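Just need the structure, nothing else, for what follows:
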Amino acid sequence: MGSHIDDLITLTNAELVEIDKWVWANKLPLNISKTSFSVISCTAQNYTQKVRLKNKEIKYVTYFNFHGLANDIRLN
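Presented below is the predicted three-dimensional model:
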């Protein structure tokens, strides 16, 4: 049985398919090469699955800016 994070990544990949359908239906651009994701957690997480959209891997980042606020995966 997979870890909780692997289960969440499986669900994320399924939801990304639905988001892509909506984006395409509404003729909106989605630049996968500029798309990234983070897993925010209090503990270190290891996962084996990749987050993908249209057979392209979405980059995992440990540091990100959100509305001008710099954060890392522990929200420091």
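
Can you mark which positions in the strand or helix carrying residue 21 are buried?
Assigned by DSSP states H and E, residue 21 falls within helix 4-25. Buried residues in helix 4-25, counted by 16 or more other Cβ atoms under 10 Å: 8-9, 12, 16. (C-beta placed from N, C-alpha, C; glycine too.)

And the furthest pair within those?
The most widely separated members of those, counting by Cβ to Cβ, are 8 and 16 (12.3 Å).

low-scoring stretches of the chain, by residue?
Applying pLDDT under 70 to the chain picks out residues 1-2, 44-48, 75-76.

Quick check, central residue of it?
In the chain, the residue lying closest to the centroid (Cα atoms, centre = their mean) is residue 37, at 3.6 Å.

Show me what that residue bridges to in the sheet.
Taking DSSP bridges as the rule, residue 37 bridges to residue 60.

mind checking how far it is from residue 25?
From residue 37 over to residue 25 the distance is 23 Å, taken as Cβ to Cβ, to the nearest Å.

tell me the contacts of the residue nearest to the centre of the chain?
12, 51, 58-61 (Cβ atoms under 8 Å, 6 or more residues apart in numbering).

how about 10 Å then?
Contact analysis of residue 37 by Cβ atoms under 10 Å, 6 or more residues apart in numbering lists 9, 12, 16, 51, 58-61, 64.
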